[in-house]
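Asks: Show me how the following folds:
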Amino acid sequence: MWVYNSFPIVDEKSLVFIKADDIEIFLDFYFDRITCVFALIGSILMLLVSIFSRFYLHRARV
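Replies: A predicted model of the protein is given here:
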């Protein structure tokens, strides 16, 4: 598992859009400790917002 392997950095080139002799434009996937923390905090915030909005919108009358 990623956590037990001392958080190795995952860096994968996913898709190459343009490739020439002197330039390469590509989509890159980069995942490290900071990315993990941001993803975890973002997931928790999104869960809290969805729980709050569910109860808030339930009270609304049309």
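Asks: mind checking how far residue 41 is from residue 21?
Replies: For residue 41, the distance to residue 21 (C-beta to C-beta, to the nearest Å) stands at 42 Å. No exception for glycine: its C-beta is placed from N, CA and C like everyone else's.
Asks: mind showing which ranges of the protein have poor pLDDT?
Replies: Where the chain drops to pLDDT under 70, the residues are 1-2, 59-62.
Asks: circling back: between residue 41 and residue 21, who's got more neighbours?
Replies: Neighbours of residue 41 and residue 21, each counted by other C-beta atoms under 10 Å, are more numerous for residue 41; the result is 10 against 5.
Asks: so who does the more buried one touch?
Replies: Under the criterion of C-beta atoms under 8 Å, 6 or more residues apart in numbering, residue 41 has no neighbours.
Asks: What's the separation between it and residue 18?
Replies: 34 Å.
Asks: got it, and residue 51?
Replies: From residue 51 across to residue 18, the span is 44 Å (C-beta to C-beta).
Asks: Check residue 9 too.
Replies: Taking C-beta to C-beta as the measure, residue 9 falls 25 Å from residue 18.
Asks: Name the strands paired with the lengthiest strand in the chain and say parallel or antiparallel.
Replies: Assignment by DSSP state E gives strand 10-19 as the longest strand of the chain. Sheet pairing here is set by DSSP bridges, and for strand 10-19 it gives strand 24-31 (antiparallel).
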